[in-house]
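**Student:** Dropping a prediction and its sequence here:
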Amino acid sequence: MTEPRTPAGKRLEEYLRQDWVRDFRTDITAIENETAEMEAAKCDETVQALQDCGRDLVGALDALEDMANQFAYWGRGGLHTGGLSALEHAFTVLGWEEPHYVEGRECERPGCEAEYTTGTPTPEGYLKLCSHHYFKLRGGR
Ligand SMILES: [Zn+2]
């Protein structure tokens, strides 16, 4: 450490050598360390709270999606709100366009956009069919 060249620098160094200043510095360092530990603990708590909140949000969105899938109307190859405000709100929150296409819910007869209502063995294998095509398969008109 170089010696201070100016009178003010010498006075400052003298001042800093006093016992109470050294003790004060030690106290300040201890407080800083304690504060850092408290901040780290608070940060961990905050991260945990955010993760819990995120898990709750994902669960709520999953439940909303289940409800929209169950109660939205099927037509023209997708789910519709039918103008019901609760479903419109759900579609908005889920970011769904209307109609909302859902893989695997269509009748498996080519060109049919109706929702399947039943699964049944057919000469072509097991198919998911709308009520119209199921009825036709069973000999109805
Ligand atoms: Zn069909």
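**Tutor:** That came in fine, so what should we check first?
**Student:** I'd like to know how many residues surround Lys136.
**Tutor:** Other residues within reach of Lys136, judged by other C-beta atoms under 10 Å, total 13. All C-beta spots, glycine's among them, are computed from the backbone N, C-alpha and C.
**Student:** let me fix that: Pro110
**Tutor:** Residues near Pro110, counting by other C-beta under 10 Å: 5.
**Student:** Give me the pLDDT value at the residue nearest to Leu12 when sequence neighbours are not counted.
**Tutor:** Spatial nearest neighbour of Leu12, excluding adjacent residues (C-beta to C-beta, 6 or more residues apart in numbering): Pro4 at 6.9 Å. Among the per-residue scores, Pro4 holds a pLDDT of 74.
**Student:** quick one: contacts for Ile31?
**Tutor:** Contacts for Ile31 (C-beta atoms under 8 Å, 6 or more residues apart in numbering) come out as none.
**Student:** Would you mind measuring from it to the ion?
**Tutor:** Noted for Ile31: a distance of 75 Å to the ion, by C-beta to the ion, to the nearest Å.
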